[in-house]
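Student: What follows is a predicted protein model with its sequence.
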Amino acid sequence: MEIDLSVKNCVKSFGSFLAVDDVTFDVPQGSFFSILGPSGCGKTTLLRMVAGFEEPTSGTIMIRGRDMRGVLPNRRPANLVFQHLALFPMMTVAENIAFGLRRRKVAAPERKRRTEDILERVGLPGYGGKRVDQLSGGQKQRVAIARCLVLEPLVLLLDEPLGALDLKLREQMKVELKKLQAKVGTTFVYITHDQSEALVMSDVVAVMNKGRFEQMGSPQDLYHAPETPFVARFVGENNVWAGRVEKVGEVVAIKTDEGFVFSAKSQSPLTVGDRADLFLRPEAMRIEPREPAGLNTFSVSVRAILFDGAASRLLTATDSGHELMVALPQNRRFDHIAPGQTITVGWHPESGVCFPAVNPAAAADAGGARP
């Protein structure tokens, strides 16, 4: 498969500050590639280098095999959709979309044809004569994307384009963007701090932290098989136990600081006696398991029911006060559970993952903390 974007050993420093630290990745033609990370991790700087608004300190950026060093932004086969869209309020939708074509001196009949075609492709046929202030937030989003796509870029760059939308519209636009990218076939490179956006839309996600990629893979790989504590904390929600390794093998046995002994898989080499952190997702915990054999089981008290439809959870605690989140399926089986009750929970050893212990400061940087 042809590679649309290839970034090799890319470094960007601002004085003594290293914003992007030796990043390498390829984006195949027609794919949806996301860079996920917290604010300040370097993802916007990386995208701006691909767009041409920043030059790498070292390394290469190639689009469809062509080295982009020294190529101005308006000369690159890539276009950038900004978070705040930057539509021209005094222009109609069609005029906004045709703006770049006019700058390129495309003839008026061709501008009209291409504008109408791209409006059809983004699901806004007949909207060319409308003013920008007559559009909904989602429609403005599609116009901003259409304005870039009409220039037929090899790569479309999106800088947190859903950040200014309300929650419900963001949820709708995640699906719309995924469908749109599949329909037009243009390579999308998308940056976000919102894990849900990255997981829902992307073919491949790179998790970025302090200027480097911690892990790159499918959304399923990142979620089910995190390779570092940072990825385990940042992608999805996790319960975390601290403890010491008691046994190693196909799975490790870890004795938590509360005295529980759990079996779990390990993503990093561990030896007996090592301090380790164990991560477990709320949805991996089974409430009152009918077949507890082979599971790690223990009792917790229910402190609160956090109702959120399909995302409902129980806030629970062990006897020592260690708080845990447990997913609460809305299948009516657990309607009897109420705050104050003691329940049994269990989880399969393959659902938990252990890493060598990290210090509290590192955990805070990763956006997570022990309950």
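Tutor: Happy to help now that I have it. Residues are numbered from 1 along each chain as shown.
Student: Residue 234 and residue 326: what is the separation?
Tutor: According to CB to CB, to the nearest Å, residue 234 stands 21 Å off from residue 326. C-betas here are computed from N, CA, C, even on glycine.
Student: out of these two, which sits in the more crowded spot?
Tutor: residue 234 (26 against 23; other CB atoms under 10 Å).
Student: just checking, that one touches residue 210?
Tutor: No - in this structure residue 234 lies outside contact range of residue 210 using CB atoms under 8 Å: 12.0 Å.
Student: Which neighbours do those two have in common?
Tutor: Counting by CB atoms under 8 Å, 6 or more residues apart in numbering, residue 234 and residue 210 have no shared contacts at all.
Student: And the helices in this protein?
Tutor: For the chain, the helices defined by DSSP state H cover 43-51, 93-103, 108-121, 137-149, 167-184, 195-201, 219-224, 229-234, 360-365.
Student: Mean neighbour count, these: which tops it?
Tutor: Each of the helices of the chain was scored by mean neighbour count; the highest is helix 229-234, a mean of 25, by mean count of other CB atoms under 10 Å.
Student: how far does that helix sit from the chain's center?
Tutor: 12 Å (CA atoms, centre = their mean, to the nearest Å).
Student: same question, stretch 124-141
Tutor: 28 Å.
Student: likewise stretch 31-48?
Tutor: For stretch 31-48, the distance to the chain centre is 9 Å (CA atoms, centre = their mean).
Student: what's the average pLDDT for that stretch?
Tutor: Averaged across stretch 31-48, pLDDT comes to 94.
Student: Enumerate every residue touching residue 99.
Tutor: Counting by CB under 8 Å, 6+ apart, the residues that residue 99 touches are 88, 91, 147.
Student: what's the neighbour count on the second one?
Tutor: In this case it means residue 91. Residues within reach of residue 91, counting by other CB under 10 Å, total 14.
Student: Surely residue 260 and residue 300 touch.
Tutor: No - using CB under 8 Å, residue 260 makes no contact with residue 300, being 11.1 Å away.
Student: joint contacts of these two?
Tutor: With CB under 8 Å, 6+ apart as the test, residue 260 and residue 300 both reach residue 318.
Student: Can you check the distance spanned by stretch 29-48, start to finish?
Tutor: 20 Å (CA to CA, to the nearest Å).
Student: typo on my end, stretch 318-326
Tutor: Terminal-residue distance, stretch 318-326 (CA to CA): 12 Å.
Student: Break this structure into its domains for me.
Tutor: Partitioning the chain according to automatic domain parsing yields domains covering residues 3-224, 229-365.
Student: got any ranges where the protein has weak pLDDT?
Tutor: For the chain, the stretches flagged by pLDDT under 70 are 164, 359-371.
Student: So what does residue 40 look like in phi/psi?
Tutor: Phi and psi for residue 40, reported as degrees, to the nearest 10, are phi 80, psi 10.
Student: I'd like to know which of the helices of the chain is closest to residue 309.
Tutor: With CB to CB as the criterion, residue 309 lies closest to helix 167-184 of those, at 12.3 Å.
Student: From the rest of the structure, what touches that closest one?
Tutor: Contacts with helix 167-184, where a contact means CB under 8 Å, 6+ apart, come from 32, 121-123, 136-138, 141-142, 145, 149, 162, 165, 188, 190, 194, 196-197, 200-201.
Student: what about that helix, distance to the chain center?
Tutor: 14 Å.
Student: Figure out the length between the terminal residues of stretch 329-337.
Tutor: By CA to CA, the extent of stretch 329-337 from end to end equals 12 Å.
Student: can you check stretch 235-252 too?
Tutor: Where stretch 235-252 begins and where it ends lie 23 Å apart, using CA to CA.
Student: Please identify the buried residues of that stretch?
Tutor: Going by neighbour count (16 or more other CB atoms under 10 Å), the buried part of stretch 235-252 is 235, 236, 238, 239, 240, 241, 242, 243, 245, 248, 251, 252.
Student: Residue 288: which of those is nearest?
Tutor: Proximity of the buried residues of stretch 235-252 to residue 288 (CB to CB) peaks at residue 239, which lies at 17.7 Å.
Student: which residues does the closest one bridge with?
Tutor: For residue 239, the beta-bridge partners under DSSP bridges are residue 280.
Student: Thought residue 317 was touching it, still the case?
Tutor: No - judged on CB under 8 Å, residue 239 makes no contact with residue 317 at a distance of 11.3 Å.
Student: where do the contact lists of these two overlap?
Tutor: residue 324.
Student: In contact with residue 80, which residues?
Tutor: Residues in contact with residue 80 (CB under 8 Å, 6+ apart) are 47, 51, 53, 73, 148, 157, 158, 159.
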